[in-house]
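Asks: let's see this in three dimensions:
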Amino acid sequence: MAPSLTELLEELVGEILLRLSPDEPADLLRASLVCKRWCRLLSDPFFRLRYCRYHRTPPLLGFVHDEDNVPGFVSTVASPCSVPALDCRWVLDSHHGRILFYCFAPTGLVVWDPLTREQQQVPLPPYPYSHNHYTATVLCSVAGCDHLDCHGGPFLVVFVANHDEDDASIWVSVYSSETGAWGASSTSELKLAVDMFPSLRIGDALYFMVDDGESILVYDLAGRGLSAIEVPNKELEERGIVMMLEDGRLGVAGVEDRRLYLWSWQEAGAGWKECKIIELATLLALSNTLVSIAVVGFVEGTDTVFLSIDADIFTLKIKSGLVKKVDENGPYSVVIPYTGFYLP
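Replies: Numbering: from 1, shown residues only. Sure thing, here's the model as predicted:
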């Protein structure tokens, strides 16, 4: 039997809604208010799955910072996210729809999903660690997950720290939400001071900027091994960041003399290769030679970086050169982007 006109119209509406850009969730919210039928369609789990797979890359919804030891969420769209009422001191990381905090009441870690509002407490690892030299990462732990819409599933927390103030060797422990326990620690004789900066994941490797931005710590999630790479330039005006480049390689971005430099890590012992220079003074029309510029974050899976320019925060798309001002209440030493598909 041929489909009815009503069925055809509903299918057509579904195809139109499917193509609404995820970059502005307010458009989807307004569409859900048109009528009950559109609201049911947009809230249907199958439509949500199609929508995520159609657009593939979760959009940037905002970023978290913790200047003055008070975490704050800055929305870059008309999204409903705000930091929950937690006694938090630091924000550590964000991956796969979750944000990781260090909190004091009670002392421990909190994994927060801004879209579902779900919070999960994670105890600190049972190992003596330095309160001044540690960081942590939260990751989805579902095998084969595409991380487009993995809310509510099991997760891992990777905790990296120095042994103590006098011993700069590094140890790593991994927490599983499925077991509710920390695994055995991996240790290394690498003498590097762990910095509280977010990580980058490429494949089975996590990359952390350490030693005040002069080295990159590499943690193998599969083999539990630790290694280190020196950054390509230790004379940058401000600390650089690690990021994934368009070809999937490990990259480093840093600012020197009002220019943004990008380096690409070459395999087989070839080291770093300078791959791009962007004249920020020209791109941003900077007339003040005393302006302070730093690259303070990146959006994983994209070519977008965050620039702190005095009190203003901008996003910069490396390939297109598109710049957008997203905040004017800085400066921030680091921002941690939050990405995800928000549907009503």
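
Asks: for stretch 134-154, which positions count as buried?
Replies: 134-141, 147-150, 153 (16 or more other Cβ atoms under 10 Å). No exception for glycine: its C-beta is placed from N, CA and C like everyone else's.

Asks: if you could redo that for stretch 242-258, that was the one I meant.
Replies: For stretch 242-258, by 16+ other Cβ under 10 Å, it's Val242, Met243, Met244, Leu245, Arg249, Leu250, Gly251, Val252, Ala253, Gly254, Val255, Arg258.

Asks: what's the end-to-end length of that stretch?
Replies: Using Cα to Cα, to the nearest Å, one end of stretch 242-258 lies 19 Å from the other.

Asks: which residue is the nearest non-sequential neighbour of Glu238?
Replies: Ala294 (3.7 Å; Cβ to Cβ, 6 or more residues apart in numbering).

Asks: if I look at the one you found, how far off is Ile216?
Replies: 18 Å (Cβ to Cβ, to the nearest Å).

Asks: before we move on, what about Val172?
Replies: From Val172 over to Ile216 the distance is 15 Å, taken as Cβ to Cβ.

Asks: before we move on, what about Glu230?
Replies: Following Cβ to Cβ, the distance that separates Glu230 from Ile216 is 8 Å.

Asks: give me the more crowded residue out of the two.
Replies: Ile216 (22 against 12; other Cβ atoms under 10 Å).

Asks: next structured bit after the host helix or strand of the more buried one?
Replies: For Ile216, the element it lies in under DSSP states H and E is strand 215-220. Note on strand 215-220: by DSSP H and E, the next helix or strand toward the C-terminus is strand 226-230.

Asks: centre of the chain to that next one, how far?
Replies: Computed by Cα atoms, centre = their mean, to the nearest Å, the separation of strand 226-230 from the middle of its chain amounts to 21 Å.

Asks: counting by contacts, list what the helix or strand just after it packs against.
Replies: Using DSSP H and E, the helix or strand that directly follows strand 226-230 along the chain is strand 241-244. Packing contacts for strand 241-244, counted by 3 or more Cβ pairs under 8 Å, 6 or more residues apart in numbering; DSSP states H and E, involve strand 200-202, strand 205-210, strand 250-256, strand 293-298.

Asks: can you give the strand pairings for strand 241-244, parallel or anti for each?
Replies: In the sheet, strand 241-244 lines up against strand 250-256 (antiparallel) (DSSP bridges).

Asks: quick one: average pLDDT of the partner strand?
Replies: In this model, strand 250-256 has an average pLDDT of 92.

Asks: need the contact partners of that strand.
Replies: Contact with strand 250-256 is made by 200, 202, 207, 216, 231-233, 235-245, 260-265, 272, 275, 280, 293-295, 298, 305, 307, as judged by Cβ atoms under 8 Å, 6 or more residues apart in numbering.

Asks: for Leu100, give me its contacts.
Replies: Leu100 makes contacts with Val91, Leu92, Asp93, Ser94, Leu109, Val110, Val111, Trp112, Ala136, Thr137, Val138, Val157, as judged by Cβ under 8 Å, 6+ apart.

Asks: wait, Pro58 touches His151, no?
Replies: No: with contacts counted by Cβ atoms under 8 Å, Pro58 stays clear of His151, the gap being 11.3 Å.
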